[in-house]
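In: sequence plus predicted model, see below.
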Amino acid sequence: MTASTKKTANADSTTRPGDFPVIVIGTSAGGLSALSSLVAQLPADFPAAILVVQHMTATSSNEAILRMLADKGNLPCKQAIQHGVIKSGCIYLAQPDHHLMISQGKTVVTKGARENRARPAIDPLFRSAAVEFGNRLIGVILTGYLDDGTSGMEVIRRCGGVCVVQDPADAAYPDMPQNVLNHVKVDHCVPLAEMGSLLTRLALGERGKAIAVPDDIAVEARIAERVLSDLESVEFLGTQLPFNCPGCGGVLWQMKVGNHVRFRCHTGHAYTAAALLAEQTAKMEETLWVALRMFEEHKNLLVKMGAEGSASPSYAERVEQSNIHIRRIKAMLHSNTANADPPG
């Protein structure tokens with residue numbers, strides 16, 4: 001029996017999507033182990049739908065993850081599909097190289113612009129789910145590098161949902177939960193071993209007060225879904241900056257909620273400050289490698305011309321100038337490698 005069909009009786013005996021709570025989970029480094037531990041704690045009659053974004057490479061396969069989650073737990077696990085119906089008691093996993101979002105009560109799978117250098121990214125799911133489900137939503141951030149999910153958790157809080165983070169001291173990689181704690185007033189911070197029982201209680205408990213979706217959140221959700229992609233929409237969200245988006249070269253706008261600063265371009269790329277710095281560093285390194293190759297090819301051509309007697313008398317000086325540039329670029333590349341940011 002495959003991961004997608006195991007224990008389907010529980011998932012298929014659900015009521016309408018509006019009748020049960022929804023849980024969104026975001027994780028990155030260390031996430032497979034954390035997810036495996038979490039789903040093992042959930043009962044077969046778990047009264048909520050669960051949607052998961054695990055950071056992964058574009059060439060990854062979900063099959064092994066789905067099998068692992070299904071084997072470790074009591075709930076059916078499926079890969080999210082375009083316009084899929086969301087059912088209580090079922091786990092939906094984002095596809096590799098695709099964002100997972102929610103629209104009109106169904107899953108949306110899209111290859112939209114990367115957010116925080118990731119696709120799938122956590123923030124688009126959390127944002128769209130907050131718009132869709134409001135006070136029925138429970139957001140969870142587990143182990144991981146950098147800070148994808150921090151903005152999404154703030155959106156969940158602003159839309160009346162519940163925010164839960166893994167205790168950073170308990171996380172294999174504490175950056176993601178710690179960044180949420182640094183910027184968002186969370187409702188619960190617990191070790192992984194206590195999270196299953198907490199989520200069960202929250203799913204069965206009373207909902208908080210319903211809150212109207214703020215305009216800025218609704219606009220960002222529509223941009224991520226590619227319903228909107230224009231200057232006017234992004235100008236509504238923030239202030240234009242004098243530097244460019246490293247993802248597409250377009251203009252960036254700065255957005256700020258509380259003390260949390262983010263950046264977005266009108267085509268859909270979005271970054272936290274940490275993610276923007278990491279992406280700029282990666283682009284700089286890419287440019288340095290291209291420059292290194294060009295200087296080495298230029299030097300090699302000069303050496304060849306000199307050996308054949310076709311170079312000008314100054315060719316030796318020009319070779320040495322190229323060597324100086326090559327040494328400088330190699331030193332910068334070595335420095336970048338030594339101080340590289342961890343993957344998201």
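Out: That came through, no problem. Residues are numbered from 1 along each chain as shown.

In: who does whichever helix in the chain runs longest touch, helix- and strand-wise?
Out: Assignment by DSSP state H gives helix 273-307 as the longest helix of the chain. Contacts defined by 3 or more Cβ pairs under 8 Å, 6 or more residues apart in numbering; DSSP states H and E place helix 273-307 against strand 260-265, helix 315-338. Placement of C-beta: from N, CA and C, glycine included.

In: mind redoing it with 7 Å?
Out: Here helix 273-307 touches helix 315-338, going by 3 or more Cβ pairs under 7 Å, 6 or more residues apart in numbering; DSSP states H and E.

In: returning to what we had before: may I see the buried residues of the longest helix of the chain?
Out: 274-276, 278-279, 288, 291-292, 295, 298-299, 302, 306 (16 or more other Cβ atoms under 10 Å).

In: and which of those residues is nearest to residue 132?
Out: Proximity to residue 132 was ranked across those by Cβ to Cβ; first place goes to residue 275, at 24.6 Å.

In: need the contact list for that closest one.
Out: With contact set as Cβ atoms under 7 Å, 6 or more residues apart in numbering, residue 275 has these partners: 116, 117, 146.

In: ok, now how distant is it from residue 239?
Out: 19 Å (Cβ to Cβ, to the nearest Å).

In: sorry, back to before: show me the contacts of residue 275 that map onto strands.
Out: Here DSSP state E is the test, and those give no hits in strands at all.

In: between those residues, which sits nearest residue 247?
Out: Nearest to residue 247 among the contacts of residue 275, with distances taken as Cβ to Cβ, is residue 117, at 8.5 Å.

In: pLDDT at the closest one, what is it?
Out: On the pLDDT scale, residue 117 is placed at 90.

In: try residue 141
Out: Here the pLDDT value assigned to residue 141 is 98.

In: quick one: it and residue 154 touch, right?
Out: No - when contacts are counted by Cβ atoms under 7 Å, residue 141 is not listed as touching residue 154 (11.3 Å).

In: name the member of the contacts of residue 275 with the most neighbours.
Out: Neighbour count (other Cβ atoms under 10 Å) singles out residue 116 as the most crowded of the contacts of residue 275, with 29 neighbours.

In: distance check, it against residue 263.
Out: Residue 116 is 10 Å from residue 263, by Cβ to Cβ.

In: now residue 207
Out: Using Cβ to Cβ, we find residue 207 at a distance of 33 Å from residue 263.

In: need the strands for the protein, in chain order.
Out: Using DSSP E, the strands of the chain run over 22-27, 49-54, 77-79, 84-85, 91-93, 99-103, 106-110, 137-141, 162-166, 188-190, 239-244, 251-257, 260-265, 270-272.

In: so which of the ones you listed gets nearest residue 319?
Out: Here strand 239-244 is closest among the strands of the chain (Cβ to Cβ), at 35.2 Å.

In: partner strands of the closest one and their direction?
Out: strand 251-257 (antiparallel) (DSSP bridges).
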